[in-house]
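# Kindly return the folded structure for what I paste below:
(chains A and B)
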Amino acid sequence: MKPSDYWALILVFALLAVAPTLAGPFYTRLLATGILYGTAAVGFNVLFGYTGLLSFGHAMFWGAGAYTVAIGMVKMGLSFPASLALSFLVVGVIALVTGFLSLRHTRIYFAMLTLAFGQLLYAIALKWRSMTGADEGIYGVPRPLGDVVLYYYLVLAVSLAVLLALLRVLKSPLGLAFRSIRDNPFRAEVVGYPVNRLRLLSYTISGLATGVAGSLYAPLQTSVNPESLYWTFSAAIVFMAILGGSRVFIGPFIGGLLYVFIQDTAMGATEYWLLATGVTLGALILLLPEGIVGYIWRRLGGRLE
Amino acid sequence: MRPVLVVEDVRKYYGRVAAVDGVSLTVEEESVVGLIGPNGAGKTTLLDIISGVVKPDTGRVKLATEEGEIDLTGRPISYITRMGVSRAFQIPNVFSGLTVLDNLRTALVASRRLYTRSTRSYESLPGVDEEAHRLASLVGLGDRMEVPASSLSHGERKLLDIAMALTTKPRVLLLDEPTAGLSAVEKGRIVELIRDLRGRGIPMLVVEHDLDVVFSVSDRVVAMHEGKVLVEGRPEEVRSDPRLRVAYFGE
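Numbers count the residues shown, from 1 in each chain, chains lettered A, B, ... in the order given. Below is the predicted model:
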């Protein structure tokens, strides 16, 4: 039987659903972080793997989501659901504005513009002390349901909902349009697609998915800091997508899970953990360009996107 | 016969060089117009202007429809395609990462504007796969549906390109060098296809280097030289016109 995107998703989430019974609170929290990283990376990959645009600023959506929830709950006294809704709105507006401006270009110029907008948001978070707490960030974000394990299941459920929604989009005619634009933007224009508008739509969907993941991250950590907006996290998201494989739907999600554990292990083992992740990425691109999941997928007879 | 596509006094300069220098031509319903001329005559630039890839400096491009005349001059490519001017390319331009079936599906999704109107799987859109199979059979690719376009031969890619151009049910079809780089057998297939499409009432503007192909499929031939129309008329008239020889071979 050829692997299917839906079955792969169900299998992975079934395993994640039983995981907390085996792992202690520390690893449950680490796993929740991995799930959110993975969801952010799948969101990123809607734009990268499926539409053919490399964003180097996806931390802006992650960080904006995290900050808005933290500000909503701590500074504005909003409930968790209201803060989530607010962060969805904020991330959506940021995506539309930065997307509109960045998508005047493609390729490296697009990547550079997204990087610039990401750093702009980072600079704002660093300077706007009264709202963002500057370099210290915001502490004391209440965690809904209190307990880490209960919150883990909330993270799991929301992530599953986000991924199912993205998969539905990618299997719909819109997803076919994205893949056509990735493959040959000029031909896509000639067959009648409004390429620029569809790129903006892809960018916004991608940013929103990453933003939702980020907004669940602040209550998990019970804090948020400017690191979440810094460009190195944008790079980490790119890394996760390539690590897992950008040509399989579930690939970047597995990439996010693996990244958390690589980071945790490498950070514990050596202070040169950044070097270790760099070497891993280099080796991976040379040896397994389709990513870990991509490789397994192809071996099982699945079709790469 | 009623004109479908009307090009009026179109000019395009690159710096001080006129690629197209005041060209007018008309494609009438149920007819094939062959466009010939030596390299650099401005044929492809003219197709680029009609299909919206290049904006002309002056002149107009108009399309006659049941709802009246539409001015296409300088409009975006996707608009011109939706209004019914389709184009197949000299170098076949397909989605090489997608299968033949998905190439046709995506062209149909675009022309029917299903991309934001349906949340169904693109593999089960009503009417789309039937039409994809019909068009693939029409051009002779009916048994190649699951093959990635990157694995097709050059000739097959040309056929797929034409099939994709047909997904919009075009009012006019522009073919840019449909037989370039093909074997004699493949050329025969294209000639047959052009005749078949003409029989189905699709007007065509065919740019072609192979004069035997042009003279055998066209109702009218327009010969361009240095950006201008040199000779125009029925194939046998143009073929025997001495100016044509001069343009191609010099004095």
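
# Contact partners for the closest residue in space to A:Val91 that isn't next to it in sequence?
Leaving out its chain neighbours, the residue that sits closest to A:Val91 by C-beta to C-beta, 6 or more residues apart in numbering or on different chains is A:Gly211, at 3.2 Å. Placement of C-beta: from N, CA and C, glycine included. The neighbourhood of A:Gly211, defined by C-beta atoms under 8 Å, 6 or more residues apart in numbering or on different chains, consists of A:Gly43, A:Phe61, A:Trp62, A:Ala64, A:Gly65, A:Ser87, A:Phe88, A:Val90, A:Val91, A:Gly92, A:Ala95.

# Tell me the confidence at the nearest residue to A:Leu229 once chain neighbours are set aside?
In space, A:Leu229 comes closest to A:Gly63 once its chain neighbours are excluded; the distance is 3.2 Å by C-beta to C-beta, 6+ apart. Here the pLDDT value assigned to A:Gly63 is 96.

# Name the secondary structure element that contains A:Gly63.
Here A:Gly63 sits within helix A:59-70, counting by DSSP states H and E.

# hang on, the earlier thing: what about the residue nearest to A:Val91, which SS state?
Using DSSP: H, G, I helix; E, B strand; the rest coil, the structure places A:Gly211 in helix.

# ok, it to A:Gly65 distance?
Between A:Gly211 and A:Gly65 the computed distance is 4 Å (C-beta to C-beta, to the nearest Å).

# re the thing from before, switch the contacts of A:Gly211 over to a markdown table; also include neighbour count.
Conversion of these to a markdown table gives the following (neighbours: other C-beta atoms under 10 Å in any protein chain shown):
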| residue | neighbour count |
| --- | --- |
| A:Gly43 | 30 |
| A:Phe61 | 37 |
| A:Trp62 | 30 |
| A:Ala64 | 28 |
| A:Gly65 | 33 |
| A:Ser87 | 27 |
| A:Phe88 | 17 |
| A:Val90 | 20 |
| A:Val91 | 26 |
| A:Gly92 | 17 |
| A:Ala95 | 22 |
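
# can you put the residues you listed in JSON lines and add distance to B:Val100?
Below are the contacts of A:Gly211 laid out as JSON lines (distance: C-beta to C-beta, whole Å):
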{"residue": "A:Gly43", "distance to B:Val100": "31"}
{"residue": "A:Phe61", "distance to B:Val100": "37"}
{"residue": "A:Trp62", "distance to B:Val100": "39"}
{"residue": "A:Ala64", "distance to B:Val100": "42"}
{"residue": "A:Gly65", "distance to B:Val100": "41"}
{"residue": "A:Ser87", "distance to B:Val100": "44"}
{"residue": "A:Phe88", "distance to B:Val100": "40"}
{"residue": "A:Val90", "distance to B:Val100": "44"}
{"residue": "A:Val91", "distance to B:Val100": "39"}
{"residue": "A:Gly92", "distance to B:Val100": "38"}
{"residue": "A:Ala95", "distance to B:Val100": "35"}
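
# Widest-spaced pair of those?
When those are compared pair by pair using C-beta to C-beta, the farthest-apart members prove to be A:Gly43 and A:Val90, with a separation of 15.7 Å.

# thinking again about what came up before, quick check: of the contacts of A:Gly211, which lies closest to B:Ala41?
Out of the contacts of A:Gly211, the one with the shortest distance to B:Ala41 is A:Ala95. That distance is 47.6 Å, counting by C-beta to C-beta.

# For whichever helix or strand that closest one is part of, buried residues please.
Taking DSSP H and E as the criterion, A:Ala95 maps to helix A:80-102. Taking 16 or more other C-beta atoms under 10 Å in any protein chain shown as the basis for neighbour counts, the residues of helix A:80-102 that come out buried are A:80, A:83-84, A:86-88, A:90-92, A:94-95, A:98-99, A:102.

# What angle do helix A:59-70 and whichever helix or strand comes after it make with each other?
Next helix or strand after helix A:80-102 toward the C-terminus (DSSP H and E): helix A:107-127. Using axes from the mean of the first three to the mean of the last three C-alpha atoms, to 10 degrees, one finds that helix A:107-127 and helix A:59-70 are set 30 degrees apart in direction.

# ok now helix A:107-127, how far from the chain's centre?
Using C-alpha atoms, centre = their mean, to the nearest Å, the mean C-alpha position of helix A:107-127 is found 16 Å from that of the whole chain.
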